[in-house]
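Q: Pasting a predicted model and its sequence here:
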Amino acid sequence: MSVDTHPDYEGRDPLVSLEDVEVHFEESSGLFDFSEPEVVRAVDGVDLDIFEQDVVALVGESGCGKTTLGKTTIGLQRPTGGSVSYRGQDIWDAKDGKGDVEIPYKDIRSSLQIIHQDPGSSLNPNRRVMKILEAPLKRWQSQMSAGDRRGQVLSMLEEVGMTPPDDYAGRYPHQLSGGEKQRVALVRALLMDPDLILADEAVSALDVSLRVEMMDLMLDLQEKFDTSFVFVSHDLSNARYFAAHSGGRIGVMYLGELVEIGPAEKIINNPQHPYTKVLRWATPDLTPDGASSDKPPVRKIDIPDPKNPPPGCRFHTRCPEARQVCMEQTPPEYTTEEFHETKCFREDDSHEYWSSPQITDDENEADQLYSEADD
Amino acid sequence: MSTHNTTNESGEMYSASETIIELRNTEVVFDMSRGVSRVLDNVDLDIRRGEILGVVGESGSGKSMLASAMLDAVVDPGILSGQITYYPDDGDPVNVLGLSDEELRRLRWEDISMVFQGAMSSFNPTMSVKGHFVETLEAHEYDREEGMERAHELLSDLYLDPERVLESYPHELSGGMRQRALIALSVVLEPDLLVMDEPTAALDLLMQRSILSLLEGLKEKYDLTMVFITHDLPLVAELANRMAVMYAFELVEKGSTDEILQNAAHPYTRALLNSTPNLDAPLSEMTSIEGSAPDPVNVPEGCSYHPRCPLADEQCVAEAPDFHDVSSSHQVECFHWEDAAEAIPFNIEQPSSPEEGEAR
């Protein structure tokens, strides 16, 4: 496990590449309602490259689109705009059979795997662990003999610390603890020998004391099997643990946009975007007499409706640093330093932001409590 | 009704406060086909007026049972025994376990109120938020107009738009808004004590922290005592004055938050602190706790933590430790508490000054 070293991305071809990806969901209002359907803009204009043996942790509040972006990355969610490609092959062209397909969709599908948040509901309760884990091998490697198959399942169970494997293989999911279920889900993903695994809040449902253990296990396996991970979490400290240990990056999402991305330790120790600083505030630490009595460093504590994201910079309605210009213009990506990008005007010392007046909130707003502390 | 005081918990810091609720030898037992399951084992605890007590434990450590016990709300066929005494602001001490159903109904909500995890299942999905407030006020024969005024104020204290929220149905609110509306509802009858069981667990961190800072304001304004039950030690450490740590259905350590964080004396508490991912800890030194928590039917003899404890010896296997005083405001149930700090060093230095001022 290399700490504090960032893999050199220069000159490497990305494993999965997202370009200007957009995922919009239409929410129809009813059978006989023919008005314009409402559009939820779950992901908007995201560019992201994931390399081999790379780790990207996506953090943000619930509803910020991090899971949708994760699913788009592994080809489970079709983007409504932009493109997603795997080793240069557009995933959805491969699926639709458009153009020259160099890598068949079947291969892409098995190379990109997922571990769900709730291990309990992602395992069939009526099947024993062996049966659950054999299923993907039967489907994708049908030439494998039954004996080999069972052997591989057992050796993988042993690999993730479920010993004796024979005992665990004979159990039903309800006979496993939360941590053990999550390990089974991890084995199921690994059996496909994937290039990239999406771990969607894979440790959030576990007890605090078990999270580190599970993350350590995933890191060990990452090294052993050369797998890349997209790790989705709302918890910055878990994201940091996982990304920093593997020399990976943290990407911060807000209302469908990637507002800051960079090497894990840089995001933690030198956050640039005001929203990242808010997340940093929200992460409890064990400092006695810490910042507990502080008011939340946002002007509103509720996230705006993603159906109707604010114009300009989407964070301007809550941002403690917001100025007039943030309501009118959308900030581009500024490169702070190598591999560290931020979408905020404050990165540009000569931007008109600095001469723009501060936004003052309506007096009647429920958040007037905060404006007292603000002036 | 109060029995003899086994341990006097009052430290200097809290000398002004008095006890609001007192638990002695509190036990909850379930008779199961596999054997007797003791899910709360001999708990002694004083909760002081005006404090915020954080109760910390892993899932299945009995912490929710402790909350239910305080309100005599243990579900059948659980059997609750022991002594639970509530000391109202004015008037005589109340023996909670000896109350009639009607008296108990009044005690809950009016004196002691409770917020559960997952607001969605606490609200009636077919009733507007306003309906919940009205129903609660009427059921307890409170003045409706005055009560609704209080509801408005409470909601705006919690950064909600009162008009909009009251007109909404529960499913129309986001998770964080729903949970805050539920907190407002639980305080509308002006209870003295608010017991919260994982009130923020299903929410994301920013909302959790925001609610925490709002709770602190609420406590000051309405003069509340709070019990905050959670598995998330760092979260509650930000809020609580005092903490109680549960392991295997009993309390193993209690003390002021500062003492627990800086000088935890139980090996379990120290291991728990070390296993918590932390933004300020060096990466290499986070460790998990070996082994797993025991089954309630089959709790180890002696000290229940001994199979996982690096300090365990024959004594720990043979007999259960009593509480030892680390200081006047810090007790621990461990024979080897004096050696715990050396055997299980903390992996982060505990700075005494706040270091997050730059967040804004």
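A: Received it, and whenever you're ready, just let me know what you need.
Q: for chain B, what's the longest helix?
A: If each helix of chain B is counted by residues according to DSSP state H, the longest one is helix B:205-222.
Q: where exactly do the strands run in the stretch 51-200 of chain B?
A: Ranges of strands within the stretch 51-200 of chain B are B:52-56, B:79-86, B:94-95, B:112-115, B:193-197, based on DSSP state E, counting those that start in this stretch.
Q: Single out the most deeply packed of these.
A: Of those, the one with the most neighbours on average (mean count of other C-beta atoms under 10 Å in any protein chain shown) is strand B:52-56, at a mean of 26. In short, each C-beta sits where N, CA and C put it, glycine included.
Q: hmm, who's touching it?
A: B:47, B:63, B:66-67, B:215-216, B:219, B:225-233, B:236-237, B:239-246, B:257, B:272 (C-beta atoms under 8 Å, 6 or more residues apart in numbering or on different chains).
Q: Could you pull up the residues touching residue A:183?
A: Residue A:183 neighbours (C-beta under 8 Å, 6+ apart): A:160, A:161, A:162, A:214, A:217.
Q: Try it again at 6 Å.
A: Residue A:183 sits next to A:160, A:162 when contact means C-beta atoms under 6 Å, 6 or more residues apart in numbering or on different chains.
Q: all strands of chain A, in order?
A: A:16-27, A:38-50, A:55-59, A:81-86, A:89-90, A:112-115, A:196-200, A:228-233, A:249-254, A:257-263, A:334-337, A:340-342 (DSSP state E).
Q: Residue numbers of the stretch 151-300 of chain B in contact with chain A?
A: B:156, B:159, B:161, B:204-206, B:209-210, B:213, B:231, B:234-235, B:237-238, B:258, B:261, B:272, B:275-280, B:283, B:286, B:288-289 (C-beta under 6 Å from any C-beta of the partner chain).
Q: And for residue B:127, the neighbour number?
A: 13 (other C-beta atoms under 10 Å in any protein chain shown).
Q: Would you tell me which of the strands of the stretch 51-200 of chain B gets closest to residue A:17?
A: strand B:52-56 (44.0 Å; C-beta to C-beta).
Q: Between strand B:193-197 and that closest one, find me the angle.
A: 20 degrees (axes from the mean of the first three to the mean of the last three C-alpha atoms, to 10 degrees).
Q: Report the distance from strand B:52-56 to the chain centre.
A: 4 Å (C-alpha atoms, centre = their mean, to the nearest Å).
Q: what angle do it and helix B:205-222 make?
A: Going by the same axes, to 10 degrees, strand B:52-56 makes 140 degrees with helix B:205-222.
Q: circling back: who does the longest helix of chain B touch, helix- and strand-wise?
A: helix A:274-282 (3 or more C-beta pairs under 6 Å, 6 or more residues apart in numbering or on different chains; DSSP states H and E).
Q: Is chain B within reach of the helix it packs on?
A: Yes: using C-beta under 6 Å from any C-beta, a contact is recorded between helix A:274-282 and chain B, made by A:277, A:280, A:281, A:282.
Q: Show residues contacting that helix.
A: By C-beta under 6 Å, 6+ apart, helix A:274-282 touches A:236, A:252, A:254, A:259-260, A:271, A:297-298, A:315, A:319, A:321, B:205-206, B:209, B:359.
Q: Can you lay out the strands of the stretch 51-200 of chain B as TSV showing mean pLDDT and distance to residue A:44?
A: Shown next, in TSV, are those (pLDDT from 0 to 100; distance: least, C-beta to C-beta, whole Å):
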stretch	mean pLDDT	distance to residue A:44
strand B:52-56	94	40
strand B:79-86	93	54
strand B:94-95	92	57
strand B:112-115	92	36
strand B:193-197	93	37
